[in-house]
Structure formats: structure tokens, C-alpha cells
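Novice: build me a model:
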Amino acid sequence: MAGVNTEQFGDYTGMTASEAANAIRKGVFSAETFVEQLIAQDHEWAALNAFISRDHDTLREAAHAADKVRASGAALGPLHGVPLVFKDNIATQAMPTTAGTSALRNYQPKQNAVVAQKLFDAGALLFGKNNMHELAAGITTNNLVYGPTRNPYNQAMIPGGSSGGTAAAISARVAPAGLGTDTGGSLRIPAALCGVCGFRPTTGRYSGEGLVPFSSGTAIAGPMARSVVDLALLDGVITGDTSLPAVQLDKLRIGIAEKFFYDDIDPQVIAAIEAAVVRLRDAGAEVVWTQIDGLEEAQQLGSGMPAPLEALAGYKRFFASSGLTAETYVAQIADEGIRNRLAQQLFNTDNSNRPSATDANTIRAVYRETFERYFAETRLDAMLIPPTPMAARPIGQDETVELNGRQVPTFRTYVRNTAIGSAAGLPCISIPAGMTGDGLPLGIEIDGPPGSDRQLLAIAAAIEAILPRLPAPVVAQSA
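Specialist: Numbers count the residues shown, from 1 in each chain. Now for the predicted structure:
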């Protein structure tokens, strides 16, 4: 391992971002030492194909500069010297932002995305840009341009998506934390399948400036990490809201809405949720079974909703700022299905039957009001759902996967539960809850009322503390 004596320094790759930042600040080890260990870990896990871009030498230089700043006695940001990873649809000046497509292979943004800049201003270093499902339009991260990303717990399996590379890198201890994006579950699904934590904040909480457009009304960046404390750290840096209320489990009222969210779920997922409920009750939490009045009506209203005109406006701004044309962009998309859908959206001039931004906002408002009423009337602090109905499935099963003995649509099945929180604009957090009999991670999702982000983070941290910790993935067992 170049530049690092592990016998002298120990292995710090398992540290959280919070722990690493604190250690670097106190001089327990240098940013350079930490970076060298992460680079070695990246080499060990190269077969994951978690990255589209990274530059180890530039990262070393950044770590050296960070150590010089610390030695000078200057004030340090809360992420000083800590390398983070970024899904490759989040703009960065230092590396291309491809969104996983050939159409953007050489796209070099002129400025960082607002969310990324906040983290860099706090002292974070850019480790690399992660592989993802092309244009964030799927959940397998089986990318036809850059190759599939693999699950660290079993490299024959998908990591989930579309933020699959970010989840895989964090799970494999290549980086302690980073940013993904989430439209219908693109952050929470890979978090669940790779055994890490993922936070979709309340819609509108973060700026979307600098994200490659997909569906502008619901797409949002969010932190991913191996601890809820790190999710809270990154959220605090991005928003400036660093308060974290004290939470006692024996004062919480947690809801489980069985109808819809728990229909047709793999028994191992149900078992993980049930085990979590037992631990919550043992800790004094009140767990209640509830129904969500109006959810069925909201789903019928939004059923089959195609991309609204607001998404077209996002693409128009993106093309104008990037210098690309819609025709060139669409022609270079590798996935035929994604290419055809986007062409239909961009080039169909008949808008008479196309939903407008007003239509989309109306549907989102119905979902939001449904859940605001649900949380208020049931007096719930949060609700628990399975983020995915099953664990990871083999790479290549992009159209259908097996669930409970039959073939079901891959995309619709995996996003079924997570898409509801997105439509309602809820803050949602996926945390590890256990493992299947064959060693694949399972998650549990904690959702709260709109705007309750910091409270929900505190609740998730309290729940995380009573759940079993997952073992780290092992390279030899994953090959």
C-alpha cells in the first residue's frame, strides 16, 4: 500500500465520515493516510465497477493540501479532508459528469452542483464519480455504456439503482459517504440492497441546480453513508440546519400501514421487519397497525403519469447551458428503451394530451395532503415500510425477476413502495435491517411527515442503534 504502513496506522477504511473527520481534525491520522487506505480499498474492489471517473493522484494532492491547511492552524470545516463519492449525474468541475450515458461522455460542467459545492466548502474531497443506471432511468445499474456495477455482498447480484455505484462504493468501504439522487427510489433501493443508509429529504429541501435532468418535479439529491449520523452530518452541511432533537424510543409512536406496502413481499423481508418491530417494542416504542385513507384514490389519480412538461423545461435549460442539442443527445443514448422514451418526450410536439407542470403538481399535492392527514390523524412520529419487496437479484434480469415463485416486472416491483414517498415529497430514510439466509442485505425504510427531516434523522438513528449491524462485505466471498 503506497505511502501507508498499516501496522503503524491500523485500518481506518471502516470509519464513518464523522469519525474520520474528527480523527483528521485531532491529528490521529492525516488525510493523506486515510486517502491512501481508501485508494488501496478501491483497488481491492475494482471488480465492482462502482466508478465512471476517479483520479487517485489528484486525490492524493488534495489530501496533501488538506493536511497543510490543518497544520497551519486554520479553521477546519466539518468534513475537512474526508473523501466523498458522487453519483455521476451530480455536476462537478473537476471530473466529467456523464449521467451514465455516451451522450455526456465528455461533458465537463462549468461549476459544481449546489449540493456538491456545499460539501466541498465544508472541506470534503472528491474521490470519484459513480456508475449509475443510464440517465437514472432504471434500478439495476446494469449500464450498457460503462458496464454493470456489482453488489459487494455477491458480485453476481445487482446493487440496485439508479445510484448503484455510490451504494456499492460506500458498502465496500472505498469511501465513507457520498451523494446519490432519488426520483422514485433511486437512492433508497440501492441503499437497502447494499446494506448502507440512504436519505431522501423532503422535496425542495435541497437545491436541484447542477443535477442532470430526469424528472424535475421529484428528482432530488440525497446523502448515502454507513451510519445515520453521517446522513445527518451531510444534511446539516447542505442545509445549515445542524440541530438534531433528542429522541427516546419509548416516547415514539410508529405506524405500519399493512395494505399495499406489505402486499406480495418476500417472507425474508417480512421477517426482518417483524424482528425490528420486536426490538422497537422491547425498547418501549408504540407500534401500531394503520391504514392510509385516500392512498388508493391518489394512486389512481397518478397512475401511468408520463413525464410532464416541467421535465421538458428542465431539459431545455440543460441543453442551453451545456451547448448540446436534443437530437445529438438522444441519438447517443445506449439503452433503446430509454432512448425511445426520451425521444417521445422531447420530440412529440402534440402537447394536448401531455400532463402539464400544473397537473403534476396537483397529483403531488394530493399525495402530500394524504400523508399529512395520515400522520396527523394517527398521531404518528414515523411509519415503517419495506423499501424493497425482496433482496438483490442477479445482474441481467432487467425485465423480470422472481418474487414469491413467479416472474414480475423488475422496475415496477422494486420501486412500488419507494415511489409513494417520492410522490408525496416525504423525507424517507432506508437503513440496514438484516440479511437473507444467503447473505444479502435487507433494509427497512422510515418515513415521516413533510418537513420533519431532522426529527426523522434522529428517529432513524435511534432505531439504527437497536438493530443488528451488518458484517462488512468480503472480497473473497464476493468474487
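Novice: give me the low-pLDDT residue ranges for the stretch 251-400 of the chain?
Specialist: Residue ranges of the stretch 251-400 of the chain with pLDDT under 70: 303-310, 349-358.
Novice: now do 50
Specialist: The stretch 251-400 of the chain contains residues with pLDDT under 50 at 306.
Novice: let me know the outermost residue of the protein.
Specialist: residue 72 (35.7 Å; CA atoms, centre = their mean).
Novice: residue 65 versus that one, what's the distance?
Specialist: 11 Å (CB to CB, to the nearest Å). Every residue, glycine included, has its C-beta placed from N, CA and C.
Novice: how about residue 286?
Specialist: Distance from residue 286 to residue 65, by CB to CB: 51 Å.
Novice: who are the contact partners of the closest residue to residue 187 other than its chain neighbours?
Specialist: Among residues not flanking residue 187 along the chain, residue 180 sits closest, at 4.1 Å (CB to CB, 6 or more residues apart in numbering). Residues near residue 180 by CB atoms under 8 Å, 6 or more residues apart in numbering: 87, 130, 163, 166-167, 186-187, 190, 198, 221-224.
Novice: mind checking how far whichever strand or helix holds residue 180 is from the chain centre?
Specialist: Using DSSP states H and E, residue 180 maps to strand 177-182. Centre-to-centre, strand 177-182 and its host chain are 4 Å apart (CA atoms, centre = their mean, to the nearest Å).
Novice: okay, the contacts of residue 180 in TSV with distance to residue 207, pLDDT and secondary structure next?
Specialist: Shown next, in TSV, are the contacts of residue 180 (distance: CB to CB, whole Å; pLDDT from 0 to 100; DSSP: H, G, I helix; E, B strand; the rest coil):
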residue	distance to residue 207	pLDDT	secondary structure
87	16	98	strand
130	20	98	strand
163	18	98	coil
166	19	98	helix
167	23	99	helix
186	18	97	coil
187	16	97	coil
190	23	98	helix
198	19	98	strand
221	8	97	strand
222	13	98	strand
223	14	99	strand
224	18	99	strand
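Novice: just those now: which is nearest residue 298?
Specialist: Nearest to residue 298 out of the contacts of residue 180 is residue 186 (CB to CB; 21.0 Å).
Novice: how close does that closest one get to residue 69?
Specialist: In terms of CB to CB, residue 186 sits 35 Å off from residue 69.
Novice: who's more crowded, the two?
Specialist: residue 186 (35 against 16; other CB atoms under 10 Å).
Novice: I'd like to know how far that one sits from residue 340.
Specialist: 20 Å.
Novice: how about residue 212?
Specialist: From residue 212 to residue 340 the distance is 19 Å (CB to CB).
Novice: neighbour count for these two, which is higher?
Specialist: Neighbours were counted for residue 212 and for residue 340 using other CB under 10 Å; residue 212 has more, 28 against 12.
Novice: wouldn't that one be in contact with residue 319 here?
Specialist: No. Residue 212 lies out of contact with residue 319 (CB atoms under 8 Å); the separation is 11.2 Å.
Novice: helices of the stretch 151-300 of the chain, residue ranges please.
Specialist: Along the stretch 151-300 of the chain, counting by DSSP state H, counting those that start in this stretch, helices occupy 164-171, 188-194, 228-239, 267-282, 295-302.
Novice: give me the residues contacting the fourth one.
Specialist: Read that as helix 267-282. 249, 252, 254, 256, 262, 287, 384, 386, 388-391, 404, 433-434, 436-437, 442, 444, 463, 466-467.
Novice: ok, residue 311 touching residue 214?
Specialist: Yes. Between residue 311 and residue 214 there is a contact under CB under 8 Å: 7.4 Å.
Novice: and stretch 237-257, C-alpha only, in PDB?
Specialist: In PDB, the C-alpha atoms belonging to stretch 237-257 read as follows (Å, rounded to 0.1, in the frame of the first residue of the first chain):
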ATOM      1  CA  VAL A 237     -23.700  20.800   5.800                       C
ATOM      2  CA  ILE A 238     -26.000  21.100   2.800                       C
ATOM      3  CA  THR A 239     -28.900  22.900   4.600                       C
ATOM      4  CA  GLY A 240     -27.100  24.700   7.500                       C
ATOM      5  CA  ASP A 241     -29.600  23.000   9.900                       C
ATOM      6  CA  THR A 242     -27.400  21.100  12.300                       C
ATOM      7  CA  SER A 243     -29.900  20.600  15.100                       C
ATOM      8  CA  LEU A 244     -30.700  17.100  16.000                       C
ATOM      9  CA  PRO A 245     -33.500  16.700  18.600                       C
ATOM     10  CA  ALA A 246     -33.200  14.200  21.400                       C
ATOM     11  CA  VAL A 247     -35.300  11.100  20.700                       C
ATOM     12  CA  GLN A 248     -36.400   8.400  23.200                       C
ATOM     13  CA  LEU A 249     -37.800   5.300  21.600                       C
ATOM     14  CA  ASP A 250     -40.200   4.800  24.500                       C
ATOM     15  CA  LYS A 251     -41.900   8.100  23.500                       C
ATOM     16  CA  LEU A 252     -42.300   7.300  19.900                       C
ATOM     17  CA  ARG A 253     -45.500   6.100  18.000                       C
ATOM     18  CA  ILE A 254     -44.500   4.200  14.900                       C
ATOM     19  CA  GLY A 255     -47.100   3.100  12.200                       C
ATOM     20  CA  ILE A 256     -47.200   0.100  10.000                       C
ATOM     21  CA  ALA A 257     -49.600   0.500   7.100                       C
END
